[in-house]
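Undergrad: Generate a structure from the sequence data that follows.
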Amino acid sequence: TIASCTKVARHMHLAVQSGSNRILKEMNRHYTVEEYLAILDYARAVVPDIFFTSDIIVGFPGETEQDFEATVELIKKARFYSIFSFIYSKRAGTRAAEMPDDTPHKLKAERLNYLNEIQRQITEELETQLIGTRQKALCLGVLPDGRYEYRLSNNAEVTVDMEGTKNEFYTIEISDYINRRLYGKGV
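TA: Numbering: from 1, shown residues only. Below you'll find the predicted structure:
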């Protein structure tokens, strides 16, 4: 549907939670890392310009350094546009809430920061690849500095010096990437 319909965004959010099959099983997830990556590969084969976002939890009870490294490898293979990453927190009524949680919070925070830095680098690579391309973009409105913010179909946001009407589509050219931000111009 995404490939055949221009009205559907080229963006998908698919929560994965962990890159460790052992942890996924402990989380009662009914998929493996390999199955998850196969879905991404299929979608990219059908919609080459699609961007993915996901959810990641670090510090799930019993997570080892090997489990964490598996999550790092997943992030590198999946090449998400962005992730929503969290340190595990107990949820009443879940099986995990009864599991021993012996990973120090400081180590969990270090893992989270490390993972987020890798993701930041991937996001920068994906966004800089857009420089020089023309894109259909939705105007989100005016920014405090008088420029306008637009959103691409793949969910990337672009600052443009072109005035636009909120919720209307325009064609823009991505011209630069500065301080973790895409910039463009109207065409």
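Undergrad: mind listing what the residue nearest the centre of the chain touches?
TA: The geometric centre of the chain, computed from its C-alpha atoms, lies nearest to residue 82 (CA atoms, centre = their mean), at 2.2 Å. Listed by CB atoms under 8 Å, 6 or more residues apart in numbering, the contact set of residue 82 reads 53, 119, 123. Backbone N, C-alpha and C define where each C-beta goes, glycine included.
Undergrad: Which of those sits closest to residue 92?
TA: Comparing the contacts of residue 82 against residue 92 with CB to CB places residue 53 closest, at 27.6 Å.
Undergrad: That closest one - that's part of a helix, no?
TA: No. The assignment for residue 53 (DSSP: H, G, I helix; E, B strand; the rest coil) gives strand, which keeps it out of a helix.
Undergrad: Am I right that it is in contact with residue 79?
TA: No. No contact is recorded between residue 53 and residue 79 when judged using CB atoms under 8 Å, the distance being 11.3 Å.
Undergrad: Residues contacting the helix or strand encompassing residue 125, please?
TA: Mapping residue 125 onto the secondary structure by DSSP states H and E places it in helix 105-128. Taking contacts as CB under 8 Å, 6+ apart, the residues outside helix 105-128 that touch it are 51, 56, 58-59, 68, 71-72, 75-76, 79-83, 85-88, 156, 177, 180, 182.
Undergrad: Buried ones only from those, please, as a PyMOL command.
TA: Buried members of the contacts of helix 105-128, identified by 16 or more other CB atoms under 10 Å, are gathered into one PyMOL selection as follows:
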select buried, resi 51+56+58+59+68+71+72+75+80+81+82+83+85+88+156+177+182
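Undergrad: quick revisit: quick one: average pLDDT of the very next helix or strand once past the helix holding residue 125?
TA: Next helix or strand after helix 105-128 toward the C-terminus (DSSP H and E): strand 134-142. For strand 134-142, the mean pLDDT works out to 96.
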